[in-house]
Each structure stands twice: as C-alpha cells, then as structure tokens.
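Trainee: this is the structure alone, sequence omitted:
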C-alpha cells in the first residue's frame with residue numbers, strides 16, 4: 001500500500017472521529033448540535049475517503065513509487081513530471097470566469113451567472129484544445 005493512500009486513510013479516520021466527537025460535544029451544550037462545523041467535518045472526512053479510494057484504485061495500475069521505499073534517495077524520484085504549457089493564458093481566464101460566477105452568485109445576478117458559465121465552458125474548451133487548433137504561435 002502506498003504512502004499517499006495511508007495518509008488519506010489516516011486523515012479519514014481522524015476526521016471521522018473528530019466529527020463524531022464534535023457533534024456529541026456540541027450536542028451536550030445548551031444550544032444543541034452545531035451543524036455547520038459537523039457538516040464540514042463529515043464532508044472533509046468523505047472527501048478524504050474519496051481521494052484515498054481513488055489513489056488505492058490507481059495504485060494497482062502503476063509500479064511502486066520511490067516514496068514507498070524506506071531507503072529511497074531523492075534522486076530516485078527525478079525525471080519528467082508531466083507537460084505544462086509555458087505561456088498559456090487559459091488558466092487565468094478560467095479562474096476569472098469562476099470569479100465571475102462567484103460574483104454573480106453573491107449578488108444573485110442571473111445574467112452575470114450565465115455569462116460566467118459561458119466563460120467557463122469557453123475557457124475550459126480553450127485549455128483542453130489549446131494544442132489542437134492550428135499551429136502554435138506562442
């Protein structure tokens with residue numbers, strides 16, 4: 001079992017115990033259970049379980065990583081990590097579109113929400129198909 005799976009399993013157990021204890025201890029107070037914190041802890045535990053499950057599923061398909069060896073050197077993990085577009089403006093535009101959606105939701109302007117959603121679709125498409133449209137000129 002890989003180290004990352006163990007980290008997220010431990011995080012899930014910790015957050016689940018913390019959520020139960022938090023719900024019980026706030027439930028014994030005079031105001032009752034504090035639902036916002038309890039919900040946040042339960043959802044955090046669920047997300048940790050989701051990520052741990054995904055990593056466990058993927059760990060069966062890949063070879064053993066250097067992080068899983070007790071005596072691994074830093075140089076064992078060297079090499080290419082992936083391809084990152086050096087001069088892409090699409091991530092910035094995508095983040096700005098998400099900001100526009102948040103702004104529209106905060107002030108409940110449906111036209112701003114629709115504009116932000118269209119922007120997210122357009123920018124996500126631009127990000128995905130960046131190297132499939134003609135010759136790269138950047």
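Mentor: Here it is on my side, so go on. Here the structure is a predicted model, which is why all the values come from computation and not from measurement.
Trainee: alpha carbons only for contacts and neighbour counts from here, please
Mentor: OK.
Trainee: Three-state assignment for the residue lying farthest from the centre of the chain, please.
Mentor: Most distant from the centre of the chain: residue 30, at 36.4 Å, with distances by C-alpha atoms, centre = their mean. Here residue 30 is coil, with the state taken from DSSP: H, G, I helix; E, B strand; the rest coil.
Trainee: give me the domain ranges for the chain.
Mentor: In the assignment given by the TED database, the structural domains of the chain cover 1-67, 89-130.
Trainee: average pLDDT across the last one?
Mentor: Regarding domain 89-130, the rounded mean pLDDT is 94.
Trainee: same question for stretch 48-68.
Mentor: On average, the pLDDT along stretch 48-68 is 85.
Trainee: circling back: make a markdown table out of the domains of the chain and add distance to residue 76.
Mentor: Formatted as a markdown table, those follow (distance: least, C-alpha to C-alpha, whole Å):
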| stretch | distance to residue 76 |
| --- | --- |
| domain 1-67 | 6 |
| domain 89-130 | 31 |
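Trainee: please name whichever of those is nearest to residue 81.
Mentor: The minimum distance between residue 81 and those falls on domain 1-67, with 12.8 Å, by C-alpha to C-alpha.
Trainee: returning to that earlier point: how about the domains of the chain, which one is nearest residue 74?
Mentor: Residue 74 sits nearest to domain 1-67 of all these, at 8.4 Å, using C-alpha to C-alpha.
Trainee: which ones are touching residue 34?
Mentor: By C-alpha atoms under 8 Å, 6 or more residues apart in numbering, the residues touching residue 34 are 23, 26, 27.
Trainee: between those, which is nearest residue 96?
Mentor: residue 23 (37.3 Å).
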